[in-house]
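*Asks:* Output the structure for:
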Amino acid sequence: MAIVNRIAAYAPEMAEWRQHLHTIPELGRECHKTAAFVEAKLREFGVDEIQTGFATTGIVAIVNGKGEGPTIGLRADMDGLPIDEATGLEYASTHEGRMHACGHDGHTTMLLGAAKYLAETRNFSGRVALIFQPDEEATGGAEAMVNEGIMDTFDIAQVYGIHNAPDLPAGGFFTTPGPLMAAADVFHITIKGRGGHGANPQDSVDPVVAACSITQAIQTIISRNLDTAKQLVISVTQIHTGSTDNVIPETAYINGTVRTFDAEVRDLAERRLSEIVAGQAASFGCEADFEFERGYPPTVNSPAGVVLAAEVARDVAGDDAVQDNVDQVMGSEDFSYMLEKRPGAYLFMGQGESAGLHHPEYNFNDDVAPVGASFFARLVETAQPVGK
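*Replies:* Numbers count the residues shown, from 1 in each chain. Sure, this is the predicted structure:
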């Protein structure tokens, strides 16, 4: 493994940064303490420009290289999750009901390590834009930062990001060209009937039976409407209705998620859900309201971005530690908004045996932080060599 020697020397202080960040997890766009820590470190490193306030607490910092050239973007997310931590660590969360259960403290640390190295060495042409983003877990801080113009303001030509991956080999890299992660959409169905006594169902219009029928019929979208060569997940995750054993309720509520990689499949799922809900509800004499909320789009890597990223990953981690044609993942990621605007790639980096993401016992592996930082640094130097 060819971790950059200078970055390897940062390992003890990187662990200190990460463990400090772990104690102060913040949610959504309100990452004020985290952003203040990041900004202080960037000023200490001597970056050339810092702009704050994107998506409330987002930061973009610029490091100039040697000579003219394009700008490459590197992104880390900063927010935590509304989970009670159960690690028992001496540096566990001090914010009740919040924890870094997805490793964004590690992602931020890796980009800070790369920032320190790049500001010291500047062995690249053009510029690097260091993007510290809040609100990946909630409402899409990446979309907000894109809409606020960071790609154009900083003239970013391509953009890259990393997410840690529990139970994959520590320090390994995993990605694929094209769609890597799915779009994530949500549907809400409210069925309206007529309540009554459970002993006299003939006097009621039962939304419970309609809800059961709709839930079953939804499953036929994949088995009977989808091209068998394409991928789609539709999961009904909530059904709420009724309050006691002898009352037929007025309403029933169904909620769930839709995961797709293809725009046409996404449209198909929305259309067929709407048709099934209306038709099934009507067949039971009920009315139904249907709402389809489009969430994060698919995370789509550019082929050239994956080629570059895989080359750099092999330089850092070794040939055997890199897979650049992995299976797609049905999870979602708001880095997708950045990849919609600019070419680049998103990669998973193994962190070894670990509790899963979003688990109350999860903890980022500090040993892999220098690997991620080295990847970011080498990516800049490879993409934008001095004199090119």
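*Asks:* Please identify the buried residues of the longest helix belonging to the chain?
*Replies:* Longest helix of the chain, by residue count under DSSP state H: helix 263-283. The neighbour-count check on helix 263-283 (16 or more other Cβ atoms under 10 Å) flags 265-266, 268-270, 272-274, 276-277, 280-281 as buried. For the C-beta atoms, the positions are set from N, CA and C on the backbone; glycine is no exception.
*Asks:* In terms of helices and strands, where is Ile62?
*Replies:* If you go by DSSP states H and E, Ile62 is part of strand 58-64.
*Asks:* same thing with Tyr253?
*Replies:* Element membership for Tyr253 (DSSP H and E) is strand 251-260.
*Asks:* now the angle from that strand to helix 263-283?
*Replies:* Angle of strand 251-260 versus helix 263-283, following axes from the mean of the first three to the mean of the last three Cα atoms, to 10 degrees, is 160 degrees.
*Asks:* in its sheet, what does strand 251-260 sit against?
*Replies:* Applying DSSP bridges, strand 251-260 is found paired with strand 183-192 (antiparallel), strand 232-241 (antiparallel).
*Asks:* So what touches stretch 34-50?
*Replies:* 17, 20-21, 24, 26, 52, 57-64, 78-79, 108, 112, 115-116, 119-120, 130, 132, 134 (Cβ atoms under 8 Å, 6 or more residues apart in numbering).
*Asks:* same question, stretch 204-218
*Replies:* 189, 191-197, 234, 236, 239, 241-242, 248-252, 254, 256, 273, 276-277, 280-281, 283-286, 288.
*Asks:* List buried residues within those.
*Replies:* Listed as buried from these are 189, 191, 193, 195-196, 234, 236, 239, 241, 248-252, 254, 256, 273, 276-277, 280-281, 284, 286, 288; burial here means 16+ other Cβ under 10 Å.
*Asks:* So for stretch 264-275, mean pLDDT?
*Replies:* For stretch 264-275, mean pLDDT is 98.
*Asks:* which residues does Val236 contact?
*Replies:* Residues near Val236 by Cβ under 8 Å, 6+ apart: 215, 218, 254-256.
*Asks:* could I get whichever strand or helix holds Ala157 in PDB with only the CA atoms?
*Replies:* Using DSSP H and E, Ala157 sits within strand 156-165. Output of strand 156-165 as PDB, limited to C-alpha atoms (Å, rounded to 0.1, in the frame of the first residue of the first chain):
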ATOM      1  CA  ILE A 156     -15.100  23.000 -10.900                       C
ATOM      2  CA  ALA A 157     -14.400  20.700 -13.900                       C
ATOM      3  CA  GLN A 158     -14.800  17.300 -12.200                       C
ATOM      4  CA  VAL A 159     -15.700  16.100  -8.700                       C
ATOM      5  CA  TYR A 160     -15.000  13.100  -6.500                       C
ATOM      6  CA  GLY A 161     -16.200  11.600  -3.200                       C
ATOM      7  CA  ILE A 162     -15.600   8.600  -1.000                       C
ATOM      8  CA  HIS A 163     -17.900   6.700   1.500                       C
ATOM      9  CA  ASN A 164     -16.600   4.200   4.000                       C
ATOM     10  CA  ALA A 165     -17.900   0.700   3.700                       C
END
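*Asks:* about what we covered before: from the chain's centre, how far out does the longest helix of the chain sit?
*Replies:* Put simply, helix 263-283 sits 27 Å off its chain's centre (Cα atoms, centre = their mean, to the nearest Å).
*Asks:* Send over it as CSV, restricted to the C-alpha atoms.
*Replies:* This file holds the C-alpha atoms of helix 263-283, laid out as CSV (Å, rounded to 0.1, in the frame of the first residue of the first chain):
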residue,chain,number,x,y,z
ALA,A,263,-35.3,7.4,-15.5
GLU,A,264,-37.9,5.4,-17.5
VAL,A,265,-38.2,2.9,-14.8
ARG,A,266,-38.7,5.7,-12.3
ASP,A,267,-41.5,7.1,-14.4
LEU,A,268,-43.1,3.7,-14.8
ALA,A,269,-43.1,3.1,-11.0
GLU,A,270,-44.8,6.4,-10.3
ARG,A,271,-47.4,5.9,-13.1
ARG,A,272,-48.3,2.3,-12.1
LEU,A,273,-48.5,3.1,-8.4
SER,A,274,-50.9,5.9,-9.2
GLU,A,275,-53.0,3.7,-11.4
ILE,A,276,-53.1,0.8,-9.0
VAL,A,277,-54.0,3.0,-6.0
ALA,A,278,-56.9,4.7,-7.9
GLY,A,279,-58.2,1.4,-9.4
GLN,A,280,-58.0,-0.7,-6.3
ALA,A,281,-59.5,2.0,-4.0
ALA,A,282,-62.4,2.5,-6.4
SER,A,283,-63.0,-1.3,-6.6
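*Asks:* out of the buried residues of helix 263-283, who's nearest Thr71?
*Replies:* When those are compared for distance to Thr71 (Cβ to Cβ), Arg266 wins out at 31.7 Å.
*Asks:* Is the closest one in contact with Thr260, as I believe?
*Replies:* Yes - Arg266 lies in contact with Thr260 (Cβ atoms under 8 Å); the separation is 4.4 Å.
*Asks:* Tell me the buried residues in stretch 201-211?
*Replies:* By neighbour count on 16+ other Cβ under 10 Å, the buried set for stretch 201-211 is 204-211.
*Asks:* Bridged to the nearest residue to Gly295 once chain neighbours are set aside, which residues?
*Replies:* Nearest residue to Gly295 in three dimensions, chain neighbours excluded: Ala184, at 4.3 Å (Cβ to Cβ, 6 or more residues apart in numbering). Note on Ala184: beta-bridge partners by DSSP bridges are Arg259.
*Asks:* what do you get for the one 4 residues further on?
*Replies:* Under DSSP bridges, the beta-bridge partners of His188 are Asn255, Glu291.
*Asks:* Quick check, it in contact with Val258.
*Replies:* No - using Cβ under 8 Å, His188 is not in contact with Val258, being 11.8 Å away.
*Asks:* Which of those two has more residues huddled nearby?
*Replies:* Neighbours per residue (other Cβ atoms under 10 Å) separate His188 from Val258, with Val258 holding more: 25 against 14.
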